[in-house]
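S.K.: could you look at this predicted model? Sequence included:
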Amino acid sequence: MSAQAETLIEIRDFTYRYPPAEPGGAPVTALDGITLDIAAGECLGVTGTAGSGKSTLCLALNGLVPHATGGTVRGEVRVGGWSTKEVPVPRLATRVGMVFQDPESNLVGLTVEDEVAFGPENLGVPREEIAARVAWALEAVGMAGARRRPAAQLSGGQKQRVAIAAVLAMRPQVLVLDEPTAQLDPTGKEEVAAAIAALRRERGADLTVVLVEQDAELLARLADRVVVLDAGRIVLSGPTREVFTQVDHLAGVGVFAPQVAEVTARLSAALGTDLAALTPEEAAPALRRWLVSPCHPEPSRERREPPPAALSESTDPVVGDDPAPRDGSFDAARSVSMGSAQSAGEHDAAAPEPLVVIEGVHYSYGGSVPALRGVDLTLAPGEFVALLGVNGSGKTTLAKHLNGLLRPDAGRVLVAGRDTRQHPPGELARVVGYVFQNPDHQIFQPTVAAEVASGPRNLGARGADLAARVDEALARFGLTDLRERHPMLLGRAARRRVALAAVYATRPRVLVLDEPTGGLDRRDTTELMATLEALVAEGVTVLLITHDLRLAAAHARRVVVMSDGRVVADGPPEAILTDAERLAAAGLRPAPVTRLSLDLADAGMPPALTVGSFCAAFLRRVPGGAECPAGGRTGEGRER
């Protein structure tokens, strides 16, 4: 982007308040005095805490705020000179295109071609021009070969790319993307990121992108500049590198920084130098020089324990205490042998009797679309298991077999000794609680308290027992002050807590969570994971379905990977999450800090799962590093 690029979007002292959520309530301030310029051809990254105003800012750019939402506005938003207060939404749609977080909410057409043609048709574009636009837009996002496919049959990443193509076909000057990858697996994220990068190369200053994301790694890759919102205000703004290297500031407002930025910030403080970097590729050369440079002795293979001062204040955002400490770095050869020796369902002879036994399970949707192909798996009491895999690998299908929502075509599932084919889901719900990916799919009561009470009431709880369960669940998930609020009037993070509290109140022995952190900020993610850690410590089995390998590395004691309806890996995180080849075969990639450690293996670095374990291992291998006071905790166990 040229430094002299023309300003396309002007936001001046813009304040917006939503109408009261409930009769007699006060207006809700979403944006408070925002002033911002966005240049033509720029990719502006926007991040911030939940409820900070990110989505409202997106809606203000295309006029849905205030035309569709009501409320009160002060200040001005202008796009190419058009005031969003004065120009109607249909006309603004010719200049500003928006893609929402949920791919499903973007799709209206039957086929891919119909979907992409829908916008231009509504703008009255001539038929020949529509055909040309559809062909160009699908080619731009890499979906030209799927134009005749039903949109409903696409993967999440494909649907999101089609949604982007549908907006591009309207030839907007501005493409607004509101957390477009929050529900996508690593492959889907890569597809969307590659599509955005290719579009920017092709259209240059003719396309301005506003990208809202919690994924700091994605913003570091794509954004020219980043603004951070908190409570409706801009609290940090600048070039991407400048913003993301302020890791302490970001942590203070509850926002993720790239893992490698956290690593290099911590090592810079420990070694008294500037190693700032945002990606593994950028960081590796400088860190390798520290490990092998002639001005330092060769790195020692012996472990040297850093002093206590170097083992505190981790900045990892999604970690907690480890009730079963493990080494954060380990020998690579041991990793391979551990991974190959641990087969699905294999456990120590002294392990407790499993709560869930899955034996040779096959399942097909409609009797013709295979989803599970001979799955074997066991879950023991008090396990924290991460279930990984790309969209369509069978994760959710397998999870729905645990509580009888689905029943196997072949094989069997035993839950606390009960065969799920012979017991109704209501009975199995006493053992297995299931929290859906979208909390709105399981919230239906008029108040938070009523929602939390509905599960245990359906299982027979009454009177004082029911009241005690509700009060405990509300307190545990920080919902006591919201007990009389309507759940659907709460923010997404709070609705997630309501859905989880409602399942927790049934007191299940197994808790299944399907992508519970999608779209959550650093603070909400940390609080949720701390709660799950506490439940595991109390003996509850947690099965966490996630695309976030950072989350799995920090919390899971065991990782199960699925691909094409099969379990392809099952073992400790140290063995599975550092095996780049095995992960790649399942469509996954190691977390950035792990990739960085693998890149430095030739310089003596062992594989690492977390920011803290990387830093501790690095400082042990750099002369004088262990004496530095700011290394951050890791080495042994889970860091805080």
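M.R.: Okay, I see it.
S.K.: beta partners for Arg233?
M.R.: Beta-bridge pairing of Arg233 under DSSP bridges involves Asp230.
S.K.: any idea how far it lies from Ile11?
M.R.: Note on Arg233: its distance to Ile11, by C-beta to C-beta, to the nearest Å, is 12 Å. For the C-beta atoms, the positions are set from N, CA and C on the backbone; glycine is no exception.
S.K.: shared neighbours, the two?
M.R.: Here Arg233 and Ile11 have Ile34 as joint contacts, going by C-beta atoms under 8 Å, 6 or more residues apart in numbering.
S.K.: higher neighbour count, the two?
M.R.: Between Arg233 and Ile11, counted using other C-beta atoms under 10 Å, the more crowded position is Ile11 (21 against 16).
S.K.: and that one, what does it touch?
M.R.: Taking C-beta under 8 Å, 6+ apart as the criterion, Ile11 is in contact with Ile34, Thr35, Leu36, Asp37, Ile38, Ala60, Gly75, Glu76, Val77, Arg78.
S.K.: so which of these sit within strands?
M.R.: Counting by DSSP state E, the part of the contacts of Ile11 found in strands is Ile34, Thr35, Leu36, Asp37, Ile38, Gly75, Glu76, Val77, Arg78.
S.K.: distance-wise, check the closest residue to Glu262 other than its chain neighbours relative to Arg621.
M.R.: Nearest non-adjacent residue to Glu262, counting by C-beta to C-beta, 6 or more residues apart in numbering: Val611, 4.7 Å away. Separation of Val611 from Arg621 (C-beta to C-beta): 16 Å.
S.K.: with neighbour numbers in mind, choose between these two.
M.R.: Taking neighbours as other C-beta under 10 Å, Val611 and Arg621 compare with Val611 leading, 35 against 24.
S.K.: so that one makes contact with Thr264?
M.R.: No: Val611 is beyond contact range of Thr264, at 9.9 Å (criterion: C-beta atoms under 8 Å).
S.K.: nearest residue to Val435 other than its sequence neighbours?
M.R.: Leaving aside its chain neighbours, Val435 sits nearest to Leu513 (4.7 Å; criterion: C-beta to C-beta, 6+ apart).
S.K.: show me the beta-bridge partners of the one you found.
M.R.: Bridge pairing for Leu513 (DSSP bridges) gives the partners Val435, Leu544.
S.K.: and the pLDDT at it?
M.R.: pLDDT for Leu513: 95.
S.K.: show me what the nearest residue to Ser83 once chain neighbours are set aside is bridged to.
M.R.: Distances taken as C-beta to C-beta, 6+ apart place Glu76 nearest to Ser83, at 6.4 Å, with adjacent residues excluded. Counting by DSSP bridges, Glu76 is bridged to Arg12.
S.K.: for Glu76, what are its contacts?
M.R.: Glu10, Ile11, Arg12, Asp13, Phe14, Ser83, Lys85.
S.K.: which of these ranks first by neighbour count?
M.R.: Counting by other C-beta under 10 Å, top hit in the contacts of Glu76: Phe14 with 23 neighbours.
S.K.: these two touch, right, that residue and Thr72?
M.R.: No: Phe14 sits out of contact with Thr72 when judged by C-beta under 8 Å, with a separation of 11.7 Å.
S.K.: ok so, going back, now distance to Asn391 too, for the ones in strands among the contacts of Ile11, in TSV please.
M.R.: Putting the ones in strands among the contacts of Ile11 into TSV (distance: C-beta to C-beta, whole Å) gives the following:
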residue	distance to Asn391
Ile34	35
Thr35	39
Leu36	34
Asp37	37
Ile38	32
Gly75	40
Glu76	41
Val77	35
Arg78	39
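S.K.: related to what we said a few turns ago, on the pLDDT front, check the residue nearest to Ser83 for me.
M.R.: 96.
S.K.: please apply the same query to the one 4 residues further on.
M.R.: Gly80 carries a pLDDT value of 95.
S.K.: for it, give me phi and psi.
M.R.: Dihedral angles of Gly80 (phi, psi; degrees, to the nearest 10) stand at phi 60, psi 30.
S.K.: which ones are touching it?
M.R.: Residues counted as contacts of Gly80 (C-beta under 8 Å, 6+ apart) are Leu8, Ile9, Arg95, Gln173.
S.K.: in a helix, Val361, correct?
M.R.: No: Val361 is assigned strand when assessed by DSSP: H, G, I helix; E, B strand; the rest coil, not a helix.
S.K.: select the helix or strand of the protein having the lowest average pLDDT value.
M.R.: Lowest on mean pLDDT, DSSP states H and E among the helices and strands of the chain sits helix 332-341, with a mean of 34.
S.K.: pLDDT weak spots in this structure?
M.R.: Where the chain drops to pLDDT under 70, the residues are 1-4, 294-351, 623-640.
S.K.: and the strands in the stretch 301-450 of the chain?
M.R.: 356-365, 369-379, 384-388, 410-415, 418-419, 432-435 (DSSP state E, counting those that start in this stretch).
S.K.: what about those, which gets the closest to Ala616?
M.R.: strand 384-388 (22.3 Å; C-beta to C-beta).
S.K.: quick one, the closest one and strand 369-379 angle?
M.R.: Inter-element angle recorded for strand 384-388 and strand 369-379: 160 degrees (by axes from the mean of the first three to the mean of the last three C-alpha atoms, to 10 degrees).
S.K.: gap between strand 384-388 and the chain center?
M.R.: Computed by C-alpha atoms, centre = their mean, to the nearest Å, the chain-centroid distance of strand 384-388 equals 15 Å.
S.K.: helices and strands around that strand, which ones?
M.R.: Packing contacts for strand 384-388, counted by 3 or more C-beta pairs under 8 Å, 6 or more residues apart in numbering; DSSP states H and E, involve helix 395-399, helix 522-537, strand 541-545, helix 549-555, strand 558-563.
S.K.: quick one: contacts for the residue nearest to Arg78 when sequence neighbours are not counted?
M.R.: Nearest residue to Arg78, sequence neighbours excluded (C-beta to C-beta, 6+ apart): Glu10, at 4.5 Å. Counting by C-beta under 8 Å, 6+ apart, Glu10 touches Asp37, Glu76, Val77, Arg78.
S.K.: ok, now with 10 Å
M.R.: The neighbourhood of Glu10, defined by C-beta atoms under 10 Å, 6 or more residues apart in numbering, consists of Thr35, Leu36, Asp37, Ile38, Glu76, Val77, Arg78, Val79, Gly80, Gly81, Ser83.
S.K.: again with Arg523
M.R.: Arg523 sits next to Thr49, Ala50, Ala251, Val253, Gly254, Val255, Pro317, Ala493 when contact means C-beta under 10 Å, 6+ apart.
S.K.: again, but for Pro20
M.R.: With contact set as C-beta under 10 Å, 6+ apart, Pro20 has these partners: Ala26, Pro27, Val28, Gly71.
S.K.: please check those residues and keep the buried ones.
M.R.: Buried members of these, scored by 16 or more other C-beta atoms under 10 Å, are Val28, Gly71.
S.K.: buried set for stretch 245-260?
M.R.: Along stretch 245-260, these residues count as buried under the neighbour rule (16+ other C-beta under 10 Å): 245-247, 250-251, 253-260.
S.K.: for that stretch, the distance to its chain's centre please.
M.R.: So, by C-alpha atoms, centre = their mean, the centroid of stretch 245-260 is 16 Å from its chain's centroid.
S.K.: can you give me the end-to-end distance of that stretch?
M.R.: 10 Å (C-alpha to C-alpha, to the nearest Å).
S.K.: cool, and stretch 511-529?
M.R.: Stretch 511-529 has an end-to-end distance of 13 Å (criterion: C-alpha to C-alpha).
S.K.: cool, and stretch 401-410?
M.R.: Using C-alpha to C-alpha, the end-to-end distance of stretch 401-410 comes to 12 Å.
S.K.: quick check: buried residues in it?
M.R.: Judged by neighbour count using 16+ other C-beta under 10 Å, the buried positions of stretch 401-410 are His401, Leu402, Asn403, Gly404, Leu405, Leu406, Arg407, Pro408.
S.K.: distance to Ala501 for those residues - can I get that in TSV?
M.R.: Shown next, in TSV, are the buried residues of stretch 401-410 (distance: C-beta to C-beta, whole Å):
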residue	distance to Ala501
His401	24
Leu402	20
Asn403	18
Gly404	22
Leu405	20
Leu406	25
Arg407	28
Pro408	31
